[in-house]
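> give the three-dimensional model of this entry:
(one chain, ligands or ions: 2)
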Amino acid sequence: MDTKLAVIAFGGNAISRAGQKGTIKEQIANVTETCGMLLPLLKRGYQLVIGHGNGPQVGNVMLQHEAGRKMFGLVQQPLDFCVSETQGSIGYLIEIGLRNLLKKENIQRDVVTLVTPVVVDQNDPMFANPTKPIGPYYSDNEVEELLQEGEALYKADPKGNGWRKVVVSPKPLRVGNIQLIEQLARTNYIVIAVGGGGIPVVENPDGQLHGIEAVIDKDLASALTAVEIGADEFYILTDVPHVYVHYNTPKQQALHTVTVSELKRYLSEGHFTEGSMAPKVRAAIYFTEHGGKKCIITEARALSGKETGTQIIKD
Ligand code: ADP
Ligand code: MG
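Numbers count the residues shown, from 1 in each chain. Ligands and ions are numbered 1, 2, ... in the order given. Have a look, this model is predicted:
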């Protein structure tokens, strides 16, 4: 059997679900269910790197820091620090889900979570235009106070829920520890890395790294990881079974097999929402154009049965 190396990007659904409180029990149950979907790949001996999102979780961590400052005078830590916290906690949950699954199935594999910084370019054009809303919602009064404290940018939520901090979402350039990620994966460790898209850091001309207030898209960071380690396959697992054109309209149509140039055309025609499906489509295009052999966007459930979803292929 020739061994395949795959990168799997877990969507938010893998960890937290709408309508749940987010207790540890719920989170473990969600993660266990998602990990179970990887069984067909594990049984075929796939080497795996798992990336994951952290949207709701990093929002909660930010709230905890803020509450700590207001109630106990603790220092409120910046966003890069909060992302690192979620890499650890979500990695822990996925490790538990995987380890229990492997034990039950009698598969001898080890699991490791890596804290992963991802270098972005300080001159990324995105810095001129912060677009990504993160963390809690604030009232007019709260936002006025916050504006006096720091230089963060806040924008009114279009749905009228108040104000939210907006940060830049720069393009991932370099994944920290990338050789180690590959080495561990190719020696059969299941590696959990680039959580939340990675901890955003910039590199000064003298090579010194420092964290910044930004978030990196997890689908793009996972795609970069997949290309850099020479992965054969890339799966983006989310909460819809397919990518659709005319999404949420009477003309909605699922894409089954789609070429890169067709996808680029649909992208330019605006079929994919920015911040949700568009980055997945860009990630799939990037992987396929950089030597990836197989790329699928689907829901986790689809892996366990007959393979469905949207497969992206070269022209
Ligand atoms: P994840 O946590 O998996 O990254 P996102 O919410 O970011 O999840 O992205 C998945 C969502 O993208 C779907 O739930 C769907 O509502 C939305 N979406 C937007 N445009 C499309 C489209 N054209 N086809 C399928 N889903 C779409
Ligand atoms: Mg997303």
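
> what does this structure have sitting close to ligand 1?
Selection of the chain residues close to ligand 1 by CB under 6 Å from any ligand atom yields 11-13, 53, 238-240, 243-244, 247, 271-273, 276-277. Just so you know, the C-beta spots here come from the backbone N, C-alpha and C atoms, and that holds for glycine as well.

> ligand 1: which of those is nearest?
For these, the closest approach to ligand 1 (CB to the nearest ligand atom) belongs to Gly11, at 2.0 Å.

> got the contact list for the closest one?
Gly53, Ile236, Leu237, Thr238, Asp239 (CB atoms under 8 Å, 6 or more residues apart in numbering).

> ignoring the adjacent residues along the chain, who's closest to it?
Nearest non-adjacent residue to Gly11, counting by CB to CB, 6 or more residues apart in numbering: Thr238, 3.9 Å away.

> what sits against the one you found?
Gly11, Asn13, Lys280, Ile297, Thr298, Glu299 are the contacts of Thr238 under CB under 8 Å, 6+ apart.

> show me the contacts for the last one.
Right, Glu299. Asn13, Leu237, Thr238, Asp239, Val240, Pro241, Gly309.

> okay but Gly211 is in contact with Val201, surely?
Yes: counting by CB atoms under 8 Å, Gly211 touches Val201, with 5.3 Å between them.

> between these two, which contacts overlap?
Counting by CB under 8 Å, 6+ apart, the residues touching both Gly211 and Val201 are Asp80, Pro117.

> I'd guessed Asp232 sits against Asp2; true?
No: between Asp232 and Asp2 there is no contact under CB under 8 Å: 9.4 Å.

> pick out whichever of these two has more residues nearby.
Ranked by neighbour count (other CB atoms under 10 Å), Asp232 and Asp2 place Asp232 first, with 17 against 5.

> got a list of what that one touches?
Lys4, Leu5, Ala6, Gly292, Lys293, Lys294.

> what's downstream of the lowest-mean-pLDDT helix or strand in the chain, the next helix or strand?
The least trusted helix or strand in the chain, going by mean pLDDT, DSSP states H and E, turns out to be strand 132-138, with a mean of 85. Sequence order places helix 140-149 as the next helix or strand after strand 132-138, per DSSP states H and E.

> quick one: which of the contacts of Asp232 is nearest to ligand 1?
Nearest to ligand 1 among those is Ala6, at 17.1 Å by CB to the nearest ligand atom.

> give me the element the closest one is part of.
strand 5-10.

> show me the helices in the stretch 151-300 of the chain, by range?
Using DSSP state H, counting those that start in this stretch, the helices of the stretch 151-300 of the chain run over 178-186, 218-228, 260-268, 277-289.

> quick check: angle from the last one to strand 5-10?
Looking back up the chat, that one is helix 277-289. 180 degrees (axes from the mean of the first three to the mean of the last three CA atoms, to 10 degrees).

> on that earlier part again, pull out the buried positions in the strand holding Ala6.
Leu5, Ala6, Val7, Ile8, Ala9, Phe10 (16 or more other CB atoms under 10 Å).
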